[in-house]
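Asker: Return atomic coordinates for the entry below.
(2 chains)
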Amino acid sequence: MSARARDRTTLPAVVLGAAGVAALALLAVFQSLPRPLWLWGLLAGAYAALEFAAVEVSDRLLISSSVAVAFGTVVVMGRQSGVLAVAVMATLAVAHPSYFSRRRWTLPVANFGQLVLSSVLGMAILAALLPEGPPTRGDIPQILAATVPAALAYDWCNFRLVAFMTRRLYPDRRPQAWSALLSSHLAMIVLAVLGSLCGVAYLLGGAVVLPLVGLTFVAGHVGFASYARLRRAHLDTLHGFVKAIEALDPYTRGHTDRVAHFAAVAGQELGLGSEQMERLHSAALLHDAGKLAVPGHLLRRAEPLSPSEEAAVLRHMRVVEGLLGEIEVLAPVLKIIEESHRVASGSRGAPEARVLAAADAFDTMTSTRSYRAAVTQAEAFAQLRGRGDVLGAEVVEALIAGITRRGEVYGSPDGASAAEVARLVKERALRA
Amino acid sequence: MALVRGEALPTLAIGAAFALGHLIPLRSGAGRLQPVGPAVAAAAALSHAVLPALWGAALGLPLGWLVARLRFGERRAADLLAGESAGTAAFFGVYSGLHALLAQPGNSWVHLAILLLPTVAWYLASAGARTGWTETRRRVSAGLLWRMALREWPVYLVLVAAGSLYGLTVEALGAWAVLLAALPYGFAYLAFDRLATAAATHRQTIRALGRVPEAGGFSLSGHAERCADMATAMGGELKMSPRDTRLVEDAAVLADIGRVVLGGSASGSARAFTTGELAQWSAAIIAEAPTLQPVAALVAESHRPYRRPGEARDPSLPPAAQVVKVATAYDYAVGGGMEPGDALEVLHRGVAYDYDPEILAALRRVLQRRGYAGV
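Answerer: Below you'll find the model as predicted:
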């Protein structure tokens, strides 16, 4: 973490941490110790394990099945000790080994405050709405009905605090709005309902419920973890192949990664949603995949291609894109790529397509190729603005604003260098 | 074996659950479907007497086959029926025996422990039946299918856990036991389904990339698919594990990817290149994908001969690399117009030098299994 980031986050982390401690102290006064202790220990272990195995949904918002354990704990421990039981569990759950090995304290303190405060709010609502005395079968509808507002409160508080810290840590990023994360809210409520139901089942049916639910959940977690790995592997595989072919030509080495970066910069400035950004990223990585089957001597030709050679290049690219089109999950990504190719000929296309076209154009202008030299960044910006009617003025301005705000500079450093490189490229073309 | 009064409704409910369970099967990582039969069997065994469960299963299985037929088609439905019939019979056979032995099982934990053996019986019987059923139609050895089927034990575990959850809590929770069992099952179902889809997508991706040299005209049309099919079949004959067979399959698909570099070089036209150069370039390209490092290593070795004249065999040469070498060479021979028997003979001229005799023997067995004349 940089010194500036540390300055921005220290005070909020301390405030959150202090609020968490105050909440715990208050609970210690008004609630009793959870009993039986061995059961609380087991549930605390499960809570911590599931919290460590959380999945990042978007903008560093984590979702884990630990919320099910939390709600189940309140039902089992009851009104007198349930909230304290969960608040202490939340305290333990921030003790991730990586924080100790890296000696970072700001994040764990902030996480402690965030988890404890969210838990206290949500579990207090649930505890208040629970029926008096040990639950019976007839109390199940009341308990489940109480779980829904409690889960929403927990989720909302958690979201607000995480978004607050994210804005301090990463001022460049724009966290998603609460309303844009409906599926994660629904998942939270479902997990909370399951937890409450498991709590009732434990009280009425015995401890045999716990390993059965645990086994199914572990299997599901392992399945999701494998799914996430395979998803990344899939994109890495495609990206790897494109990079490998690209690396054979010194002029295009790194082009794909730069286009992906420029597309992300412009997409963030435009406020594109997380799904759009994901599709845009995939499209940027794959936008030149069609060149995989094009003979290298055509791609690296210093002189312009003849019409028949151009037609051959296009034919090869279409065939490869057709092959990739057989991969169902890539269909929306390939659509963006296809539209971005057509943007150059005047077709408007979806925002992602115009962003991709702009990013590709910017990198092409600011990189030296076999047939021409890189221009300065100012010249590239001017050329992009000249194409605003095709690419979309808002897309062009977003790309320019994003690069400028980050203080990044691309292309030739000045006009004299650009002219010299242009002379060298021309000489090479003549020699070839 | 007759039902008593009052058991008709539970029997029908169990039968309906067996049948409708074919609509929401769990998918294994390999994409195989497993209906919720084990879950229904576990739930029924724990919450009812054995007879209604047996009759319910007998009623539900043929109905389930009809449901599966409408949902997944005839071939898959037959596969499911084979597995479910054998599994159900094994489950209730073992469970009835244990139930008779133990008379009045004690608490819930004992009930659960008793379910272990019948679950294992279902798992083994179903895997065996589906292997036998599939082997007659597919062109790979039963051994490979059996080893692949055995890897699906997490699916059975999840199903029996969900069914047991219902069976052990229905008395205390009533209808809410359905929700209690359905929610964690739904979580696992989503996870397994997404995993199977991601695995299928990854396979599609590798296949698509393997066909890129063909798209550029640098390789025979259909070469990658045929090599993959042959390599998988040979892996089965050589009793390779499912993981190793998958590696060999991927290596066979991608072995020619280097042709996109060598097929059109900077000089303006394709130049002659050695198999070693092709293997080197293909391995270098494949190695750029982090998860395909083992595949890259295999492809890098695939050009090496089994043994050079005057030298002993190199023990470090992986057999899997030889499988890729033989599959590729065979396909180029057949693709060049040779009959399978002639192609095999040409490869045999290089036996014990270019090609491992064991690998060639595996190729012969595959061709014999597929009924090629002259082999």
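
Asker: how close does the closest residue to B:Glu7 other than its chain neighbours get to B:Pro38?
Answerer: Spatial nearest neighbour of B:Glu7, excluding adjacent residues (Cβ to Cβ, 6 or more residues apart in numbering or on different chains): B:Pro52 at 4.5 Å. To be clear about C-beta, it is placed using only N, CA and C from the backbone, and glycine gets the same treatment. With distances taken as Cβ to Cβ, to the nearest Å, B:Pro52 is found 17 Å from B:Pro38.

Asker: tell me the contacts of whichever residue of the stretch 51-200 of chain B sits closest to chain A?
Answerer: In the stretch 51-200 of chain B, the residue that lies nearest chain A is B:Ala191 (3.1 Å; Cβ to the nearest Cβ). Going by Cβ atoms under 8 Å, 6 or more residues apart in numbering or on different chains, B:Ala191 touches A:Ala219, A:Gly220, A:His221, A:Val222, A:Gly223, A:Phe224, A:Tyr227.

Asker: what's the burial count for A:Leu305?
Answerer: A:Leu305 has 14 neighbouring residues, counting by other Cβ atoms under 10 Å in any protein chain shown.

Asker: ok, now B:Val346?
Answerer: Residues near B:Val346, counting by other Cβ under 10 Å, number 14.

Asker: one step back: check whether the residue nearest to B:Glu7 sits in a helix, strand or coil.
Answerer: Secondary structure for B:Pro52, judged by DSSP: H, G, I helix; E, B strand; the rest coil, is helix.

Asker: Tell me who's in contact with it.
Answerer: Contacts for B:Pro52 (Cβ under 8 Å, 6+ apart) come out as B:Leu3, B:Glu7, B:Pro10, B:Thr11, B:Ile14, B:Ala44.

Asker: Kindly report the same for B:Pro154.
Answerer: By Cβ under 8 Å, 6+ apart, the neighbours of B:Pro154 are A:Ala219, A:Val222.

Asker: Show me what the helix ranked longest in chain A is packed up against.
Answerer: In chain A, with assignment by DSSP state H, the single longest helix is helix A:209-247. Judged by 3 or more Cβ pairs under 8 Å, 6 or more residues apart in numbering or on different chains; DSSP states H and E, the packing partners of helix A:209-247 are helix A:37-52, helix A:182-205, helix A:255-270, helix A:274-286, helix B:153-173, helix B:176-210, helix B:275-286.

Asker: As JSON lines, these with mean pLDDT and distance to A:Ala357 would be great.
Answerer: Below are these laid out as JSON lines (pLDDT from 0 to 100; distance: least, Cβ to Cβ, whole Å):
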{"stretch": "helix A:37-52", "mean pLDDT": "90", "distance to A:Ala357": "42"}
{"stretch": "helix A:182-205", "mean pLDDT": "90", "distance to A:Ala357": "30"}
{"stretch": "helix A:255-270", "mean pLDDT": "92", "distance to A:Ala357": "10"}
{"stretch": "helix A:274-286", "mean pLDDT": "86", "distance to A:Ala357": "10"}
{"stretch": "helix B:153-173", "mean pLDDT": "91", "distance to A:Ala357": "45"}
{"stretch": "helix B:176-210", "mean pLDDT": "89", "distance to A:Ala357": "24"}
{"stretch": "helix B:275-286", "mean pLDDT": "90", "distance to A:Ala357": "27"}
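
Asker: got these as JSON lines, with distance to B:Arg246 columns?
Answerer: Listed next are these as JSON lines, based on distance: least, Cβ to Cβ, whole Å:
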{"stretch": "helix A:37-52", "distance to B:Arg246": "30"}
{"stretch": "helix A:182-205", "distance to B:Arg246": "32"}
{"stretch": "helix A:255-270", "distance to B:Arg246": "28"}
{"stretch": "helix A:274-286", "distance to B:Arg246": "24"}
{"stretch": "helix B:153-173", "distance to B:Arg246": "18"}
{"stretch": "helix B:176-210", "distance to B:Arg246": "9"}
{"stretch": "helix B:275-286", "distance to B:Arg246": "15"}
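
Asker: okay, those, which one's buried deepest?
Answerer: helix B:153-173 (a mean of 25; mean count of other Cβ atoms under 10 Å in any protein chain shown).

Asker: mind saving the C-alpha coords of the helix or strand hosting A:Gly72 as PDB?
Answerer: Element membership for A:Gly72, per DSSP states H and E: helix A:66-77. As requested, the backbone C-alpha atoms of helix A:66-77 are provided in PDB (Å, rounded to 0.1, in the frame of the first residue of the first chain):
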ATOM      1  CA  SER A  66     -20.500 -17.400   6.700                       C
ATOM      2  CA  VAL A  67     -23.700 -15.400   6.900                       C
ATOM      3  CA  ALA A  68     -25.600 -18.700   7.100                       C
ATOM      4  CA  VAL A  69     -23.600 -19.700  10.100                       C
ATOM      5  CA  ALA A  70     -24.200 -16.300  11.700                       C
ATOM      6  CA  PHE A  71     -27.900 -16.500  11.400                       C
ATOM      7  CA  GLY A  72     -28.000 -20.100  12.500                       C
ATOM      8  CA  THR A  73     -26.000 -19.200  15.600                       C
ATOM      9  CA  VAL A  74     -28.400 -16.600  16.700                       C
ATOM     10  CA  VAL A  75     -31.400 -19.000  16.400                       C
ATOM     11  CA  VAL A  76     -29.500 -21.700  18.300                       C
ATOM     12  CA  MET A  77     -28.000 -19.500  21.000                       C
END
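
Asker: helices or strands next to it in the packing?
Answerer: helix A:37-52, helix A:82-93, helix A:106-129, helix A:140-169, helix A:182-205.

Asker: Looking at those helices, which is nearest to chain B?
Answerer: Once the helices and strands packed on helix A:66-77 are compared by Cβ to the nearest Cβ, helix A:182-205 is nearest, at 3.9 Å.

Asker: got the angle between that closest one and helix A:209-247?
Answerer: If you take axes from the mean of the first three to the mean of the last three Cα atoms, to 10 degrees, helix A:182-205 sits at 150 degrees to helix A:209-247.

Asker: tell me what helix A:182-205 is packed against?
Answerer: With contacts taken as 3+ Cβ pairs under 8 Å, 6+ apart, helix A:182-205 sits against strand A:61-63, helix A:66-77, helix A:140-169, helix A:209-247, helix B:153-173, helix B:176-210.

Asker: Now render those as JSON lines, adding distance to A:Ala361.
Answerer: Formatted as JSON lines, the helices and strands packed on helix A:182-205 follow (distance: least, Cβ to Cβ, whole Å):
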{"stretch": "strand A:61-63", "distance to A:Ala361": "34"}
{"stretch": "helix A:66-77", "distance to A:Ala361": "46"}
{"stretch": "helix A:140-169", "distance to A:Ala361": "32"}
{"stretch": "helix A:209-247", "distance to A:Ala361": "17"}
{"stretch": "helix B:153-173", "distance to A:Ala361": "49"}
{"stretch": "helix B:176-210", "distance to A:Ala361": "27"}
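
Asker: hang on, the earlier thing: could you check the longest helix of chain A and say which residues are buried?
Answerer: A:209-210, A:212-224, A:226-227, A:230-231, A:233-246 (16 or more other Cβ atoms under 10 Å in any protein chain shown).

Asker: now that helix: how far from the chain's centre is it?
Answerer: Mean-position distance between helix A:209-247 and its chain equals 15 Å (Cα atoms, centre = their mean, to the nearest Å).

Asker: Looking at it now, give me its mean pLDDT.
Answerer: Mean pLDDT, computed over helix A:209-247, is 82.

Asker: A:Pro307: how many residues sit nearby?
Answerer: For A:Pro307, the neighbour count with other Cβ under 10 Å is 7.

Asker: Give me the phi and psi for it.
Answerer: Torsion angles at A:Pro307 (phi, psi; degrees, to the nearest 10) stand at phi -60, psi -40.

Asker: give the contact list for it.
Answerer: No contacts exist for A:Pro307 under Cβ under 8 Å, 6+ apart.

Asker: Could you report the separation of it from chain B?
Answerer: A:Pro307 sits 18 Å away from chain B, going by Cβ to the nearest Cβ, to the nearest Å.
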